[in-house]
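[1] what shape does this take:
(one chain, ligands or ions: 1)
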Amino acid sequence: MAKKIGVTMDVGNDGVAVITISNPPVNSLASSIISGLKDKFGEANQRNDVKAIVLIGNNGRFSGGFDINVFQQVHKTGDLSLMPEVSVELVCNLMEDSRKPVVAAVEGLALGGGLELAMACHARVAAPKAQLGLPELTLGVIPGFGGTQRLPRLVGLTKATEMILLSKSIMSEEGQKLGLIDALVPPGDLLSTSKKWALDIADRRKPFLRSLHRTDKIGSLSEARAILKNSRQLAKKIAPNMPQHHACIEVIEEGIVHGGYSGVLKEADVFKQLVLSDTAKGLVHVFFAQRATSKVPNVTDIGLKPRPIKKVAVIGGGLMGSGIATALLLGNIRVVLKEINSEYLMKGIKSVEANIKGLVSRGKLTQDKAGKALSLLKGVLDYTEFKDVDMVIEAVIENIQLKQNIFKEIEKVCPPHCILASNTSTIDIDVIGEKTNSKDRIVGAHFFSPAHLMTLLEIVRSKNTSAQVILDLMTLGKAIKKVPVVVGNCIGFAVNRTFFPYSQAAHMLVNLGVDLFRIDSVITSFSLPLGPFQLGDLAGHGIGMAVGPIYAKVYGDRMFRSPMTELLLKSGRNGKINGRGYYIYEKGSKPKPDSSVLSVVEESRKLTNIMPSGKPITVTDKEIVEMILFPVVNEACRVLDEGVVIRAADLDIASVLGMSFPSYRGGIVFWADTVGPKYIYERLKKLSETYGSFFKPSRYLEERAMNGMLLSEPKSSRSRL
Ligand SMILES: C[C@H](O)CC(=O)SCCNC(=O)CCNC(=O)[C@H](O)C(C)(C)COP(=O)(O)OP(=O)(O)OC[C@H]1O[C@@H](n2cnc3c(N)ncnc32)[C@H](O)[C@@H]1OP(=O)(O)O
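    Okay, the predicted model is just below:
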């Protein structure tokens, strides 16, 4: 069916013009919609038969805001003139300053520019459960249609700054309590009530309120300054490396000090500067990249329908198994948790309960929902319950033989339609299923720890996995609020494989004489939440030892063999699990660098003996970032070259959600393209000449650098240079 895009106006006998935005699926404000709105509001203002106006969105959604595709066009071309003039021309002049009252009829959602249009109306009538918010900061910009000025005037400065800085949306019920929504009515009454409201304003039965002119919720200048001081502190904490939060506070302050209209003008200026920032480019890329992961060639485009998955068995109640079980339960899926003895089973169930309790105590889950989730869990010690499960997720230790045996057993006890998944983070899926006759229903379901909190789900497709199984798992992933990314089968898959050089490079630097705590601090300043050593502590060093040989077997030509992990374990430090690693972990306090670990470091340095002339090397912070992250980019190039991901943007999303690579840098490949493939290639070449093959540029990187191509360009495309 063709999409109907445009703005229509119907004028009724009652003298109300209903202006409707149609741009499926979310009625985003594309340039054509904006010019349509200008035309229709201009016409409504002129026409003598129009007394009042109602603005509504088609198909139960008011508007998802300005068309983010336009940002992408501006980023590609650098041409700011692609951004239509909206804030003054349409929002202030044609809507808010109109002599005819305008009422917004809000249903479904009013986000970003959508809410901003609604706030410029003289009243807002909403249906229940409509989502209202200004999420622009998540795209690296600020609200640009007057939202920075009107929201504080409608809900008060404290609530407005919280909603804008945290990009937190609210429901229309809360909106009504705050004064953002004037009336809440059933969806069936939305249009009629809005029309009546508009006529009531026109006939002076209700007040004709212009949001920008209001001052009743702003408070005194000193109160406002105190609130903005807190907001600045919040911004420093949540977004130390991003410009839009601070810029937004400045713009809000302008309006408080010099009046709303002055604020609107400053907002427009700052908005234009921010649209072109690297932060906006990275965040807009992430927005589209995340949505692109749902499009998997030969899976989502061949007319298959997902089969329902209602009951899942999880094998293993350790950290991963209990986390996966928690995620499934929270998604209303019945879970059978299997362990090998009652002690382990009790431990697993307790972990699930603790995960759920944690969510309740942090206010993320109601007691009611927690109870419902736990009622869906059943612990078992044998396979009886497996006879009617739709899927099994194996989450035992990384032992190939053990996994092979489990798959051989479950193949016999599960129904033929049942999906057989492994949560391995490393082992080849084909090898795991080698001893079965069910290769088409064997798949990797790689969750990231803690599995009930981390949103990435790597779906590993072996050469035999059927398209139906992939689609079913993608659908399940979405149902439990994960972002599924389909990847190819190889040791480490997309994320762990790309990032295996991360800790190795850090180990090399330490062995070359660089302070390990400095490395962690430089990397966290780059905005990764944990440096490589603290990350190692969190994962537990035993894991590193277990998977090291598996990686060495296939990627041995480019590995740095550091004795440090083994020495660390020998000295009784397994990381956070036992309270000691590179850092000391005590309940209730932040990890503290443990200076006594330096004796382990010294021992390692003696064994590797790689410091030039026995002296520590001197490096800048920038060089530390490059020596740690360029090898990661280099491995990402191999992942792209081998087609482990469908598109480069998938690896960006996987790195953001699986490794917490800063989203404002757009993900690992996007960031590398921003830095420049040629520069990265030249730096790696130089480093490999000095420090060996660990840094040797990959063929893919070399080709891209030589041909002036971006790493993200699809293989077939030609260089523009
Ligand atoms: C000047 C102004 O102040 C600036 C702005 O308004 S910037 C825009 C502010 N608005 C936003 O940030 C909202 C962004 N969108 C969303 O959060 C979510 O899409 C949503 C809550 C609206 C809907 O979520 P959901 O139903 O899960 O659908 P979702 O898959 O995300 O989106 C459906 C489609 O709409 C597209 N879309 C959503 N919002 C869009 C927007 N504002 N512009 C362009 N496309 C948009 C998505 O890209 C997706 O396209 P696809 O099907 O081709 O992949």
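[2] leaving out sequence neighbours, find the closest residue to the closest residue to the ligand within the stretch 451-600 of the chain.
    Each residue of the stretch 451-600 of the chain has a distance to the ligand, by CB to the nearest ligand atom, and the smallest belongs to Lys478, at 9.2 Å. Heads up, the C-betas are built off the backbone N, CA and C, glycines and all. Closest residue to Lys478 apart from its sequence neighbours, by CB to CB, 6 or more residues apart in numbering: Pro484 at 6.7 Å.
[3] and that neighbour, helix, strand or coil?
    strand (DSSP: H, G, I helix; E, B strand; the rest coil).
[4] repeat that for Ile427.
    At Ile427 the chain is in coil, as set by three-state DSSP.
[5] quick one: contacts for it?
    Glu398, Ile400, Lys403, Ile491, Ile550 (CB atoms under 8 Å, 6 or more residues apart in numbering).
[6] starting at the chain centroid, how far to the lowest-mean-pLDDT helix or strand in the chain?
    Each helix and strand of the chain was given a mean pLDDT (mean pLDDT, DSSP states H and E); the minimum falls on helix 541-555 at a mean of 87. Centre-to-centre, helix 541-555 and its host chain are 29 Å apart (CA atoms, centre = their mean, to the nearest Å).
[7] report the buried residues of that helix.
    When burial is assessed from 16 or more other CB atoms under 10 Å, helix 541-555 yields the following buried residues: His541, Ile543, Gly544, Val547, Gly548, Ile550, Tyr551, Tyr555.
[8] quick check: the third one touching Ser503?
    Yes: taking contacts as CB atoms under 8 Å, Gly544 lies within contact range of Ser503: 7.4 Å.
[9] which residues are in contact with each of the two?
    With contacts defined as CB under 8 Å, 6+ apart, the residues adjacent to both Gly544 and Ser503 are Gly536.
[10] hey, what's the residue nearest to Lys478 bridged with?
    With DSSP bridges applied, Pro484 shows beta-bridge pairing to Leu457.
[11] so what touches stretch 398-407?
    Residues from elsewhere that reach stretch 398-407 (CB under 8 Å, 6+ apart): 315, 394, 396, 420, 422, 424-427, 431-436, 438, 442, 543, 546-547, 550.
[12] if we use 6 Å, what do you get?
    Surrounding stretch 398-407, the residues in contact under the criterion CB atoms under 6 Å, 6 or more residues apart in numbering are Glu394, Val396, Thr426, Ile427, Ile432, Gly433, Lys435, Thr436, Ala546.
[13] possible to save the residues you listed as TSV with distance to the ligand?
    Formatted as TSV, the contacts of stretch 398-407 follow (distance: CB to the nearest ligand atom, whole Å):
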residue	distance to the ligand
Glu394	30
Val396	34
Thr426	31
Ile427	33
Ile432	32
Gly433	32
Lys435	40
Thr436	36
Ala546	38
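[14] of all those, which two lie farthest apart?
    Thr436 and Ala546 (23.8 Å; CB to CB).
[15] of all of the stretch 51-200 of the chain, which residue lies closest to the ligand?
    Gly112 (2.4 Å).
[16] skipping adjacent residues, who's closest to that residue in space?
    Spatial nearest neighbour of Gly112, excluding adjacent residues (CB to CB, 6+ apart): Gly65 at 2.6 Å.
[17] before we move on, what about Ser211?
    According to CB to CB, 6+ apart, the nearest residue to Ser211 is Arg150 (4.3 Å).
[18] go on, Gly108?
    In space, Gly108 comes closest to Arg61 once its chain neighbours are excluded; the distance is 3.6 Å by CB to CB, 6+ apart.
[19] how many residues are close by the one you found?
    Residues near Arg61, counting by other CB atoms under 10 Å, number 24.
[20] tell me who's in contact with it.
    Contact criterion CB under 6 Å, 6+ apart gives Val26, Asn27, Gly108, Leu109 as the residues in contact with Arg61.
[21] quick check: the third one touching Gly57?
    No: proximity of Gly108 to Gly57 does not meet the contact threshold set by CB atoms under 6 Å, at 7.1 Å.
[22] assumed Lys168 was part of a helix.
    No: with three-state DSSP as the criterion, Lys168 is assigned coil and is not in a helix.
[23] list phi and psi for whatever residue of the stretch 251-400 of the chain ends up closest to the ligand.
    As assessed by CB to the nearest ligand atom, the ligand sits closest to Arg291 within the stretch 251-400 of the chain, at 3.7 Å. Arg291 has phi and psi values of phi -70, psi -30 when expressed as degrees, to the nearest 10.
[24] so which residue is dead centre in this protein?
    Centroid-nearest residue in the chain: Leu657, 5.9 Å away (criterion: CA atoms, centre = their mean).
[25] stretch 180-189: how far from the chain's middle?
    With CA atoms, centre = their mean, you get 32 Å for stretch 180-189.
[26] so which bits of the protein are right by the ligand?
    By CB under 6 Å from any ligand atom, the part of the chain that sits against the ligand consists of 25-26, 28, 64-69, 109, 111-113, 116, 135-136, 139, 143-145, 147, 291.
[27] please redo it, this time with the cut-off set to 8 Å
    Along the chain, the residues adjacent to the ligand under the rule CB under 8 Å from any ligand atom are 25-26, 28-30, 61, 64-69, 71, 86-87, 109, 111-114, 116, 131, 134-136, 138-139, 141-145, 147, 271, 287-288, 291-292, 294-295.
[28] residue ranges of the strands in the stretch 501-650 of the chain, please?
    Secondary structure of the stretch 501-650 of the chain (DSSP state E, counting those that start in this stretch): strands located at 583-584, 592-593.
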